[in-house]
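Trainee: Here's a sequence, model it:
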Amino acid sequence: MLAWHFLPEDKRLGYGDGRLVEVGQTLECEGKPELCSNGMHGSVRLIDALKYASGPIVCRVEIEGDVIEGEDKLCGRRRTVLWMLDATRLLHEFACSCAEDALALVERPDERSVEAIAAKRAWLRGEVTDEELDSAWAAADAAAWAATRSAARSAAEAAAEAVAWDAVAWDVARSAARSAAWAASRAAERDAAEAVAWSAAWDAAWAARAKQNERLTAMVMQVHEKECE
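Mentor: Okay, here's the model as predicted:
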């Protein structure tokens, strides 16, 4: 079964395995495959694989042998890497795009969030220093916190600010699609009405995953095809 899988920069398996992964190589597990416990894992959708990523090396893989399918991942006895690429820059760009989508749903987004995304894009072009990006991160973080505390702002707005913050501070092993849920967890006290609103915002964020998956897959395939030219 075709799937996606991410590796750390050193291209070695985690969880104490340590084997170096190479294109065309087939790696096999010991014992019976079991989701989350044993086996060679991957995800049918790239956006789902990103959620479990240990680093920025994206691999197109084939998983075979007693395959077990879960909601957002699968595992089997063997996994063969068909091709791989370093998606570090691509993932930062993807996070910015997700954040821009989220802020587009807000009538008056916090200017700090808008500026933070612009700073990240400038950083990718080499026009902004790490220190300047850190300042933008701090401002976006403050905006996200302010949104979660403000009773005047909706759950969707607060979630959008959190996505913008995430685009600046993004770790490649974390999905931008989960930012709304993460933001919701930071607000410790809400009444029942607020809880319902946050639940709706969370659901909307997860619904957006299909669009995000299409975008991310297209971005990865474009880079892969260019490398094959």
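
Trainee: number of nearby residues for residue 16?
Mentor: 5 (other C-beta atoms under 10 Å). C-beta: built from backbone N, CA, C; applies to glycine.

Trainee: Could you do residue 219 as well?
Mentor: 17.

Trainee: Do I have it right that it meets residue 93?
Mentor: Yes. At 7.2 Å, residue 219 and residue 93 qualify as touching, with contact defined as C-beta atoms under 8 Å.

Trainee: Report the separation between residue 18 and residue 8.
Mentor: Plainly put, residue 18 is 11 Å away from residue 8 if you go by C-beta to C-beta, to the nearest Å.

Trainee: More neighbours: which of the two?
Mentor: residue 8 (16 against 9).

Trainee: need the contact list for the more buried one.
Mentor: Counting by C-beta atoms under 8 Å, 6 or more residues apart in numbering, residue 8 touches 14, 54, 55, 57.

Trainee: how does the chain divide into domains?
Mentor: Following the assignment in automatic domain parsing, the chain carries domains at 2-86, 89-212.

Trainee: Assumed residue 9 was part of a helix.
Mentor: No. Applying DSSP: H, G, I helix; E, B strand; the rest coil, one finds residue 9 to be coil, outside a helix.

Trainee: Could you find the closest non-adjacent residue to it?
Mentor: residue 55 (5.3 Å; C-beta to C-beta, 6 or more residues apart in numbering).

Trainee: Could you do residue 54 as well?
Mentor: Nearest residue to residue 54, sequence neighbours excluded (C-beta to C-beta, 6+ apart): residue 8, at 4.9 Å.
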